[in-house]
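J.: The following block contains a protein sequence and its predicted model.
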Amino acid sequence: MDDLSNSKPHQVKVLTLPDLVFMVFLLFCMVCVAWVGRLAYQEGMHNEGTKRNGELWAKWFAQAAQDRGKAGYEPASCSVSALPVVTPVATQAAPVNPNPSAEPSIEAQLPVKSEALTPTAPSTPLLVPTPRTWGPCLKALTTQGGPLANLVNPFNSKPIALVAKCDMTDRLLTGSLVLEKIQPTPPGSAIPTVNSPLTESDPIDQKMQIRITVCDKGAYPIRIAELEF
């Protein structure tokens, strides 16, 4: 026969207020960790998208360096060939009678023989070549229909802004693009090259070295490439 003297009734544990507070705090911590992880993932994807934009610009520069010297290159504003500009030629004005009230001379009243008339060549304008500049090329690349027109800043979903440099104190520069031209200094200089922003007035009819940099989430510079254009 079983001994029932040692058997005890089952006791149900009731959650106390400290237990409830701890469970709520634990759930809050789990939500915060998930939220911070999602933010870190999004920022990482934005940085990758920014670097991808810089790589696409570098790819275009590398391809253009090979093809823009060929005839019929498009966009034409980015080609090496000079841009012809029409300059009108000044024509010689007819002599003016200094004294219009005076009688014309006898020679002027004589009839002119038709054989003495010789046709004059019409004046033709001169085509003066001028070097192409970066401004029209940039406009052709980034306006609608251009090869780089669809690129946007991953951080604000706006068109990519070209800035002079990345500045960690200005967070508005996140996702921006920096284009610099690298110019060699005279032989014997302490600094072999000098970097400066590529401006719209810079001529592009000659080969040049280009450095491409993008600004990450903290506006820190990320070097993408240095190549010939």
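T.: Right, received. Where do you want to start?
J.: packing partners for the longest helix along the chain?
T.: In the chain, taking DSSP state H as the definition, the longest helix is helix 17-67. For helix 17-67, the elements it packs on are strand 177-184, strand 209-215, strand 221-228, judged by 3 or more C-beta pairs under 8 Å, 6 or more residues apart in numbering; DSSP states H and E. Just so you know, the C-beta spots here come from the backbone N, C-alpha and C atoms, and that holds for glycine as well.
J.: how about low-confidence regions in this protein?
T.: 1-12, 82-129 (pLDDT under 70).
J.: Pick out the residue closest to the middle of it.
T.: Residue closest to the average C-alpha location in the chain (C-alpha atoms, centre = their mean): Leu162, at 5.2 Å.
J.: how near is the closest residue to that one other than its chain neighbours to Met168?
T.: Using C-beta to C-beta, 6 or more residues apart in numbering and skipping the chain neighbours, the partner closest in space to Leu162 is Leu177 (5.3 Å). From Leu177 across to Met168, the span is 17 Å (C-beta to C-beta, to the nearest Å).
J.: Those two: who's more crowded?
T.: For Leu177 versus Met168, the count of surrounding residues by other C-beta atoms under 10 Å is larger for Leu177: 22 against 12.
J.: From Glu48, how far out is the more buried one?
T.: Distance from Leu177 to Glu48, by C-beta to C-beta: 15 Å.
J.: go on, Leu227?
T.: 21 Å.
J.: Quickly compare the helices and strands packed on helix 17-67 and say which is most buried.
T.: Burial of the helices and strands packed on helix 17-67 is given as mean neighbour count (mean count of other C-beta atoms under 10 Å); strand 209-215 ranks first at a mean of 21.
J.: roughly how far is it from the heart of the chain?
T.: For strand 209-215, the separation from the chain centroid amounts to 10 Å (computed by C-alpha atoms, centre = their mean, to the nearest Å).
J.: Tell me which strands that strand pairs with, and in which orientation.
T.: Using DSSP bridges, strand 209-215 pairs in its sheet with strand 177-184 (antiparallel), strand 221-228 (antiparallel).
J.: Adding distance to Thr213, write those strands out as JSON lines.
T.: As requested, the strands paired with strand 209-215 are exported to JSON lines (distance: least, C-beta to C-beta, whole Å):
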{"stretch": "strand 177-184", "distance to Thr213": "4"}
{"stretch": "strand 221-228", "distance to Thr213": "5"}
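J.: For Ile212, find the nearest of these.
T.: strand 221-228 (4.3 Å; C-beta to C-beta).
J.: The residue nearest to Leu162 is in contact with Pro159, isn't it?
T.: No. Leu177 is beyond contact range of Pro159, at 10.3 Å (criterion: C-beta atoms under 8 Å).
J.: which residues touch Trp57?
T.: 148, 151, 177, 179, 212, 224 (C-beta atoms under 8 Å, 6 or more residues apart in numbering).
J.: ok, those residues vs Tyr73, which is closest?
T.: Leu148 (15.9 Å).
J.: Secondary structure element for the closest one, which one?
T.: Remark: Leu148 resides in no helix or strand, with elements defined by DSSP states H and E.
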